[in-house]
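[1] next comes the sequence, and after it the predicted model I'd like to discuss.
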Amino acid sequence: MSSLVDKIKNKTSSNSNSNSNSNSQPSQPEEQSFSIQPHPAKSNDPRDLQPSLGGGLNTKPEVGAFHARDPYVPPKNITDNLPPAQSRDELRARAAELNKQ
């Protein structure tokens, strides 16, 4: 146990003496210093610390459809102006026409 204490004493005394005996020992890097940084909050509300444009689905407007609540029901004037629905045969013929190129 005393040998452990002696080793610690030797190491601490050699560090304090290294500044005065810089020629005999290799130079030690200076000890790190830390300081207290100011807190970024302006109030005690934790929402103040959250970034205004967060990550994920909230930042992209094109994924806003995933946050929709109810289906969109168009007004009567829009539904009256829609063309009638096409049959499967008409849709297949149109697809074949577009794919010909």
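    Yes, it's here.

[2] now the strand or helix carrying R92: mean pLDDT?
    Per DSSP states H and E, R92 falls inside helix 88-100. The average pLDDT for helix 88-100 rounds to 95.

[3] which residues touch it?
    Q86 (CB atoms under 8 Å, 6 or more residues apart in numbering). Backbone N, C-alpha and C define where each C-beta goes, glycine included.

[4] dump the C-alpha coordinates for that helix into CSV.
    C-alpha atoms of helix 88-100 as CSV (Å, rounded to 0.1, in the frame of the first residue of the first chain):
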residue,chain,number,x,y,z
ARG,A,88,-60.6,-1.1,-67.3
ASP,A,89,-60.5,-1.7,-71.0
GLU,A,90,-60.2,2.1,-71.7
LEU,A,91,-57.5,2.4,-69.1
ARG,A,92,-55.5,-0.5,-70.6
ALA,A,93,-55.8,0.9,-74.1
ARG,A,94,-54.6,4.3,-72.8
ALA,A,95,-51.6,2.6,-71.0
ALA,A,96,-50.7,0.7,-74.2
GLU,A,97,-50.9,3.9,-76.2
LEU,A,98,-48.6,5.8,-73.8
ASN,A,99,-46.1,2.9,-73.6
LYS,A,100,-45.6,2.6,-77.4
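
[5] buried residues, that helix. List them.
    By neighbour count on 16 or more other CB atoms under 10 Å, the buried set for helix 88-100 is empty.
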